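Q: Sequence unavailable; structure follows:
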């Protein structure tokens, strides 16, 4: 057990018990009477809202500690020498993709769901 | 068609934690053990943890409760304290959502 503890990287809990996330209209305490579908729908709604807040605020959840970041891919530069695939760009794209996946799932169980105003489905490029 | 959420309902000694883990994270043995320890340790700060269940994914099976964490406390009061402190906190960058769970269903492993 001691060996296992030593192997442990770090806790996944973030912030103290005073650092909480309050999303207006989306409480984090649920009644135990929800059906499986209602529960999934609620969690999807919460996840979509969370991702949207990250994208809007620019607080993308990139770890400030460099060691906790994933390795970077080879850089890609534009013709004027600017790096295109920065961490911010990659994180934003990943969040947009996640939001798209969540919105799609949500539409399957609730066709009337209105996605956030800043949500745009990805453009599907047709290769010729 | 929004949902009306009328509070937590009656407290029990079993706390269900949602939006915390994904089935993908639980596939790896080491990561699963890590997550289990991490949650148990934190819950033990607010009450005495009697048992904990984290349903893991199985290839080709729709495992009930997979993605949720169930923590059984020694008393309802401990469970309430844990709910108050843990709900709305972040775990792996996700907001922790909580609800009380029926102990009978928990013991029958009906997740």
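A: On my side now, so go ahead. What you are looking at is a predicted structure, and each value in this text was computed from that prediction instead of being measured. Numbers count the residues shown, from 1 in each chain, chains lettered A, B, ... in the order given.
Q: ok, the residue of chain A found nearest chain B - how many residues close by?
A: Residue nearest to chain B within chain A: residue A:20 (3.7 Å; CB to the nearest CB). Where you see a C-beta, it was placed from the backbone N, CA and C, and this is true even at glycine. Per other CB atoms under 10 Å in any protein chain shown, the neighbour tally for residue A:20 reads 16.
Q: Isn't it up against residue B:88?
A: Yes: between residue A:20 and residue B:88 there is a contact at 3.7 Å, judged by CB atoms under 8 Å.
Q: show me where chain B has helices.
A: Secondary structure of chain B (DSSP state H): helices located at B:23-27, B:29-43, B:76-86, B:103-107.
Q: Between these, which one is closest to chain A.
A: Closest among the helices of chain B, using CB to the nearest CB: helix B:76-86, at 4.6 Å.
Q: tell me what that closest one is packed against?
A: Using 3 or more CB pairs under 8 Å, 6 or more residues apart in numbering or on different chains; DSSP states H and E, the elements in contact with helix B:76-86 are strand B:14-18, helix B:29-43, strand B:69-73, strand B:97-101.
Q: and with 10 Å instead?
A: Packed against helix B:76-86 by the contact rule (3 or more CB pairs under 10 Å, 6 or more residues apart in numbering or on different chains; DSSP states H and E) you find strand B:14-18, helix B:29-43, strand B:49-53, strand B:69-73, strand B:97-101.
Q: Need the ones you listed in CSV (columns: distance to residue A:124, mean pLDDT and mean neighbour count).
A: Output for those, formatted as CSV (distance: least, CB to CB, whole Å; pLDDT from 0 to 100; neighbours: other CB atoms under 10 Å in any protein chain shown):
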stretch, distance to residue A:124, mean pLDDT, mean neighbour count
strand B:14-18, 33, 98, 24
helix B:29-43, 34, 95, 16
strand B:49-53, 41, 97, 16
strand B:69-73, 37, 98, 24
strand B:97-101, 33, 96, 23
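Q: CSV for these, including distance to chain A?
A: CSV is the format used below for these (distance: least, CB to the nearest CB, whole Å):
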stretch, distance to chain A
strand B:14-18, 6
helix B:29-43, 5
strand B:49-53, 15
strand B:69-73, 12
strand B:97-101, 4
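Q: Is it possible to get these out as a markdown table so that each row also shows distance to residue A:71?
A: Formatted as a markdown table, the helices and strands packed on helix B:76-86 follow (distance: least, CB to CB, whole Å):
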| stretch | distance to residue A:71 |
| --- | --- |
| strand B:14-18 | 31 |
| helix B:29-43 | 18 |
| strand B:49-53 | 33 |
| strand B:69-73 | 30 |
| strand B:97-101 | 32 |
